[in-house]
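*Asks:* Have a look; sequence and predicted model below, questions after that.
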Amino acid sequence: MVEPNSDSGIERCEALVIAAWKTEAEKGGEQRSSRLERSAVVLERYLERQIRFEALVEELERWLTPREYSAGDALAAPDAQQKALHLPHSGGATAYDAEGKRFHQCGSGDAIWPSGDSKDGAATAAADEACRTMALTRAGQYWLEDQKERLALALYRYLLCDPTRRSSGESS
């Protein structure tokens with residue numbers, strides 16, 4: 001079966017994977033236990049990362065600017081007047097490539113890079129729903145690097161060790 005667009009194709013694949021999992025789950029036993037254990041490890045890593053994210057945002061709060069967006073608003077785009085690194089605090093956003101195809105979704109703990117700075121090819125990011133971000137402007141970034149080097153390094157370490165970055169694979 002051919003789907004009309006990539007989003008529909010991905011959704012169909014997700015449905016097939018879920019259906020296959022349900023079939024396997026009914027077979028029970030060891031496979032289900034193994035998946036549960038792997039899921040617990042992944043969840044634990046995610047929660048640990050969220051704790052680090054919240055602590056980092058709290059430490060950076062004096063240099064971050066809270067921004068509110070409505071569904072559909074651009075957080076990052078080539079024509080944005082003031083480019084900033086966005087750290088979503090609530091709600092979510094979707095990044096799109098230059099052709100307007102969905103690239104990946106972002107939520108709390110992720111980073112939305114200024115358009116043109118992204119190494120993953122995303123060209124724009126738009127709010128999926130009402131969302132709030134904490135934005136670090138270029139001026140704030142430069143001041144932080146000059147005056148609070150340790151904190152700037154902690155931010156960069158967090159961003160570089162982001163397991164959700166598509167090009168980095170698994171990291172610690």
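*Replies:* Right, received. Where do you want to start?
*Asks:* which parts of the lengthiest helix in the chain are buried?
*Replies:* Ranked by number of residues, the top helix in the chain under DSSP state H is helix 29-60. Buried residues in helix 29-60, counted by 16 or more other Cβ atoms under 10 Å: Arg49, Phe53, Leu56, Val57, Leu60. Yep, even glycine has a C-beta here, placed from its N, CA and C like the rest.
*Asks:* average pLDDT across that helix?
*Replies:* Averaged over helix 29-60, pLDDT sits at 86.
*Asks:* chain center to that helix, what's the gap?
*Replies:* Helix 29-60 sits 15 Å away from the centroid of its parent chain (Cα atoms, centre = their mean, to the nearest Å).
*Asks:* One more: stretch 136-143?
*Replies:* On Cα atoms, centre = their mean, the centre of stretch 136-143 falls 21 Å from that of its chain.
*Asks:* for stretch 78-87, same thing?
*Replies:* Computed by Cα atoms, centre = their mean, the separation of stretch 78-87 from the middle of its chain amounts to 16 Å.
*Asks:* what does stretch 16-23 give?
*Replies:* Going by Cα atoms, centre = their mean, where stretch 16-23 is centred and where its chain is centred differ by 26 Å.
*Asks:* circling back: just after the longest helix of the chain, pick out the following helix or strand.
*Replies:* strand 65-69 (DSSP states H and E).
*Asks:* buried sites along that following strand?
*Replies:* So, applying 16+ other Cβ under 10 Å, buried residues of strand 65-69: Arg67, Tyr69.
*Asks:* Which strands or helices does that strand pack on?
*Replies:* strand 84-90, strand 131-137 (3 or more Cβ pairs under 8 Å, 6 or more residues apart in numbering; DSSP states H and E).
*Asks:* Distance to Ala111 added to those strands, as JSON lines?
*Replies:* Below are the helices and strands packed on strand 65-69 laid out as JSON lines (distance: least, Cβ to Cβ, whole Å):
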{"stretch": "strand 84-90", "distance to Ala111": "6"}
{"stretch": "strand 131-137", "distance to Ala111": "10"}
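*Asks:* Including mean pLDDT and mean neighbour count, could those strands go into JSON lines?
*Replies:* JSON lines is the format used below for these (pLDDT from 0 to 100; neighbours: other Cβ atoms under 10 Å):
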{"stretch": "strand 84-90", "mean pLDDT": "91", "mean neighbour count": "21"}
{"stretch": "strand 131-137", "mean pLDDT": "94", "mean neighbour count": "21"}
